[in-house]
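Peer 1: for reference, the sequence and a predicted model appear below.
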Amino acid sequence: MTERQSGRGSRRARGWTLAGGITGGIAVGAALAYGVPAYLARRTRASSADPYAHEPFEMPPVNSVRTVETRDGASVHVETAGPEDADLTVVLIHGYMQDMGTFYFQRKAIADAVRGGLRLRAVLYDQPGHGRSGGLVRTEYSIDDLAEILRDVLDAVAPEGPLVLAGHSMGGMTVMAYARLFPEEFRERVKGVAFLSTSAAGLDTVETKPMRALRRLRRTVLPMLQQVAGWTPDLIDRSRLLAGDLGWLLTRKAAFRAPNPPGSIVTLVERMNRRVSIQSIVGYARAILDHDATAVLPQFKGLPILVAVGDGDPLTPPAHSRRLAEALPGSRLELIAEAGHSPQLEYPGEISQLLLEMIDKVAAEIGDGSLRPGTAGPEAGPERRRSWKPFSRHLP
């Protein structure tokens, strides 16, 4: 073998060694990227005392399931719990990147109250592009779109009778837009409102990591969606579905205020987040950041209003709920200790009790009877009207 051939062979051997090292490094990195989050997630789940480990989150109380075809072309998944001829309907409207599962415990509390004799009905639906509902046929959505969807759902499943509207986050914004777009229906039918972790305006100025990330999403990904015809984000969605344990750990860190949230609740939130396509995530960004409903708040005057927010909410900080309550004289403001953006899941007993107390107040103010058979209206007194037992903070 010549010296030249020997040199070429040495370089080739070094090249294969380098390639092997790089390949091995990638393999090790991939193993670590998968294995470490999996290990940490399993360890975290196993180490958590979970009071909800056996909750049937996929089988909540339900009386009917249907699909509502809206005037905007969306197929909306709707479920109800309670009698069709109930005296009062409570509509539970979820927020951004979640679905009706976020109100699992409140639905359960209402169903328990119905079994106790309360003539009450819950209506829940998945916002377009969330859960089991189809998306809207356009790149960007607006809060007005969601208000029109709410109206379509009401027309289909609760066309008559008094209503309580309870909105979490983007769901609260939906309620505000509904009051502005359909003022006569709102005045005639809505008898009480619950605003959970929401805002009337100004989210584009919130300086927290999640809100800065949402603004970056709007500036970068949204223009791409608008400019690239036929762009399909399936690859991104598939990668998000495969995120698994890493997504679970990130959800645990970002979505909860408590240092050791129950693993089953983390799983529930992470699953809801994962079900939302990247197109819907981006499509709602501007709607949330540009939302301004301050002009419509006077229409809520005189109604029983609950405003509740977690004291550590990074998406709709407590200052927004305080401003909302100040603009709604007579409203009840509750700051939920050690809670993040979804207090209805972190402390379901506390939120369920607040909601049912407001429903009691609505029942008293309706004045044409009671939700409970054989019981009069306001003159009956609060103890006779109450059809539920006080909850602990965690367990409904």
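Peer 2: Good, I have the coordinates.

Peer 1: what's the burial count for the closest residue to residue 83 other than its chain neighbours?
Peer 2: Spatial nearest neighbour of residue 83, excluding adjacent residues (C-beta to C-beta, 6 or more residues apart in numbering): residue 121 at 6.1 Å. Heads up, the C-betas are built off the backbone N, CA and C, glycines and all. Using other C-beta atoms under 10 Å, residue 121 is surrounded by 25 other residues.

Peer 1: wait, a strand at residue 121?
Peer 2: Yes. Counting by DSSP: H, G, I helix; E, B strand; the rest coil, residue 121 falls inside a strand.

Peer 1: right, and it touches residue 92 too?
Peer 2: No. If you go by C-beta atoms under 8 Å, residue 121 and residue 92 don't touch, sitting 11.1 Å apart.

Peer 1: could you check the pLDDT of residue 68?
Peer 2: Per-residue pLDDT puts residue 68 at 97.

Peer 1: so where does it fall, helix or strand?
Peer 2: Element membership for residue 68 (DSSP states H and E) is strand 64-69.

Peer 1: what's the first helix or strand after that strand?
Peer 2: Downstream of strand 64-69 (by DSSP H and E), the next one is strand 75-81.

Peer 1: from the middle of its chain, how far away would the helix or strand following that next one be?
Peer 2: Remark: after strand 75-81, the chain's next helix or strand is strand 88-93, criterion DSSP H and E. When distances are taken as C-alpha atoms, centre = their mean, to the nearest Å, strand 88-93 is centred 15 Å away from the chain's centroid.

Peer 1: quick one: strand 88-93 to strand 75-81, angle?
Peer 2: Interaxial angle of strand 88-93 relative to strand 75-81 (axes from the mean of the first three to the mean of the last three C-alpha atoms, to 10 degrees): 140 degrees.

Peer 1: one step back: dump the residue contacts of the residue nearest to residue 83.
Peer 2: 63, 80-84, 86, 88-90, 114, 158 (C-beta atoms under 8 Å, 6 or more residues apart in numbering).

Peer 1: give me the buried subset of those residues.
Peer 2: Neighbour counting by 16 or more other C-beta atoms under 10 Å classes 80-82, 86, 88-90, 114, 158 among these as buried.

Peer 1: mind listing the strands for the stretch 101-250 of the chain?
Peer 2: 120-125, 163-168, 190-196 (DSSP state E, counting those that start in this stretch).

Peer 1: now those in CSV, with distance to residue 202?
Peer 2: Formatted as CSV, the strands of the stretch 101-250 of the chain follow (distance: least, C-beta to C-beta, whole Å):
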stretch, distance to residue 202
strand 120-125, 27
strand 163-168, 17
strand 190-196, 15
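
Peer 1: helices and strands around the helix or strand hosting residue 363, which ones?
Peer 2: Assigned by DSSP H and E, residue 363 belongs to helix 348-366. Judged by 3 or more C-beta pairs under 8 Å, 6 or more residues apart in numbering; DSSP states H and E, the packing partners of helix 348-366 are strand 88-93, helix 104-115, strand 163-168, strand 190-196, strand 305-310, strand 332-336, helix 343-346, helix 382-385.

Peer 1: can you rerun that using 7 Å?
Peer 2: strand 88-93, helix 104-115, strand 163-168, strand 190-196, strand 305-310, helix 382-385 (3 or more C-beta pairs under 7 Å, 6 or more residues apart in numbering; DSSP states H and E).

Peer 1: okay, and the helix or strand of the chain with the least pLDDT?
Peer 2: Taking mean pLDDT, DSSP states H and E as the measure, helix 382-385 is the helix or strand of the chain with the lowest mean score, a mean of 39.

Peer 1: re the thing from before, would you list the helices and strands packed on helix 348-366 in JSON lines and tack on distance to residue 203?
Peer 2: What follows is the helices and strands packed on helix 348-366, written out as JSON lines (distance: least, C-beta to C-beta, whole Å):
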{"stretch": "strand 88-93", "distance to residue 203": "17"}
{"stretch": "helix 104-115", "distance to residue 203": "24"}
{"stretch": "strand 163-168", "distance to residue 203": "15"}
{"stretch": "strand 190-196", "distance to residue 203": "14"}
{"stretch": "strand 305-310", "distance to residue 203": "13"}
{"stretch": "helix 382-385", "distance to residue 203": "37"}
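
Peer 1: now, the most widely separated pair of the buried ones among the contacts of residue 121?
Peer 2: Of all pairs drawn from the buried ones among the contacts of residue 121, the one with the longest distance (C-beta to C-beta) is 114 and 158, at 15.3 Å.

Peer 1: rewinding a little: let me know the closest of the contacts of residue 121 to residue 326.
Peer 2: Closest to residue 326, out of all of the contacts of residue 121 and judged by C-beta to C-beta, is residue 90, at 25.4 Å.

Peer 1: quick check, pLDDT for that closest one.
Peer 2: 98.

Peer 1: which residue packs closest to it, ignoring adjacent ones?
Peer 2: Nearest one to residue 90, counting by C-beta to C-beta, 6+ apart, is residue 164 at 4.6 Å.

Peer 1: look up the residues forming beta bridges with the one you found.
Peer 2: Beta-bridge partners for residue 164, by DSSP bridges, are residue 90, residue 192.

Peer 1: which residues are in contact with it?
Peer 2: Applying C-beta atoms under 7 Å, 6 or more residues apart in numbering to residue 164 gives the contacts 88, 90, 191-192, 359, 362.

Peer 1: cutoff 6 Å now
Peer 2: Applying C-beta atoms under 6 Å, 6 or more residues apart in numbering, we find residue 164 in contact with 90, 192, 362.

Peer 1: done for today, thanks.
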